[in-house]
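Engineer: quick one, what's the 3D model for this:
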Amino acid sequence: MAEPTISAGFAKALMNLAVSKGASQQLLIERSGICLDDLLDQDSRISLKNYMALMQAGVELCNEPALALQFGEAFSMPELSIVGLICQSAETMTEAFAQMNRFTRLMLDSDEGESTDWFEIVHNEKGAWLVLTSNIYAIFPQLTESAIARCISGYRGTFGDNPFAKAVHVTHAEPSYRSEYDRIFKVPVIFGSDKNAVLIDEACMSLEMPPSNRYVFGVLSERADGLLKSLESSKTIKGQVESLLIPILHTGDLSMELIAKKLGLGRQALYRKLKTESVSYEKLLDELRHKMALHYLGEKKVSVNETAYLVGFSEPSAFSRAFKRWTGNSPSMTYQKKTNGNF
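Structural biologist: Next up, the predicted model:
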């Protein structure tokens, strides 16, 4: 089962908040196992285990047990993730919630078998409930705290003091810092509930978001779709093998034993895992070379000889034979078409 991950944007912002409250950045790095290079790309992935270690280190080093609540209050979604920018560019609150659910896994990705929807809107006689449905929130109450605080504070930042939250329910017990719940939420909070949820005013669902650029919305959605596909690929054994092969294709040392070792598996175990996804190692490697060859020749305008080297062929002639088998054309013809602007 794949390890849960979170967007690096969350870890970077949390580290910055803890440092601003007096924590040593070096100690945060040492205790969490997160290095600064891991945080350069906001859309990259951080192990949830390391993120929660960062949260705990921040709580201890800042002597602030309510750090997760304050983190949700301090940083809005657009500051943390492309998902927040997409929601900000939506036309209505209803569309923003739909886009949030569509791309939630780019923010926090849990076990493979879990439902894609991380929250749902449930209507009853009391109003509309925004219910956090993922088990991850029951396991890590600090994630619940920051998610709900961000939801309520983010709404206020967008719509001012218009009514939104009417009550908050959480499954965990009342903590020692209850006063921070009252300060941030400003509504009744029920601890030890059967759900992690916010009761919201029904009228909020029909609110229009501030004017936005729909072109930007489309660009961001396309980018997020690409990130989501990449994330989903990384959850399959095929995707993991490909990600290990791409950086070493040029070496030609591409044995199944080597990749199995990098994955912490035996050769037969890797064989069986690939078989469950209806692919063999040899076929996967051949298709990856094909895909990367087209990428180098067609998109990067790399020469035929350089491409042969980059995809692991020691002889250009062997690469040419393989390329003709893949496409029916010679690699030089493909290269010339691209460089002549005929693609």
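Engineer: where in the stretch 101-250 of the chain is pLDDT low?
Structural biologist: Within the stretch 101-250 of the chain, the segments meeting pLDDT under 70 span 111-117, 211-234.
Engineer: let's go with 50 and repeat that
Structural biologist: 112-115 (pLDDT under 50).
Engineer: can you give me the strands for it?
Structural biologist: 108-109, 119-124, 127-132, 165-169, 189-190, 197-200 (DSSP state E, counting those that start in this stretch).
Engineer: tabulate these in JSON lines, adding columns for mean neighbour count and distance to Asn63.
Structural biologist: Every residue, glycine included, has its C-beta placed from N, CA and C. Formatted as JSON lines, those follow (neighbours: other C-beta atoms under 10 Å; distance: least, C-beta to C-beta, whole Å):
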{"stretch": "strand 108-109", "mean neighbour count": "23", "distance to Asn63": "27"}
{"stretch": "strand 119-124", "mean neighbour count": "14", "distance to Asn63": "32"}
{"stretch": "strand 127-132", "mean neighbour count": "19", "distance to Asn63": "28"}
{"stretch": "strand 165-169", "mean neighbour count": "20", "distance to Asn63": "25"}
{"stretch": "strand 189-190", "mean neighbour count": "16", "distance to Asn63": "23"}
{"stretch": "strand 197-200", "mean neighbour count": "23", "distance to Asn63": "29"}
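Engineer: got these as CSV, with distance to Ala147 columns?
Structural biologist: As requested, the strands of the stretch 101-250 of the chain are exported to CSV (distance: least, C-beta to C-beta, whole Å):
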stretch, distance to Ala147
strand 108-109, 9
strand 119-124, 9
strand 127-132, 6
strand 165-169, 11
strand 189-190, 14
strand 197-200, 10
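Engineer: dump the residue contacts of the nearest residue to Arg178 once chain neighbours are set aside.
Structural biologist: Using C-beta to C-beta, 6 or more residues apart in numbering and skipping the chain neighbours, the partner closest in space to Arg178 is Val189 (7.8 Å). Shown in contact with Val189 (C-beta atoms under 8 Å, 6 or more residues apart in numbering): 167-170, 178, 181-182.
Engineer: just confirm Lys324 is within a strand.
Structural biologist: No - Lys324: not assigned to a strand; according to DSSP: H, G, I helix; E, B strand; the rest coil it is helix.
Engineer: how close does it get to Ser317?
Structural biologist: In this view, Lys324 and Ser317 are 11 Å apart by C-beta to C-beta, to the nearest Å.
Engineer: please identify which of these two sits among more neighbours.
Structural biologist: Using other C-beta atoms under 10 Å as the criterion, Lys324 and Ser317 rank with Lys324 on top: 13 against 10.
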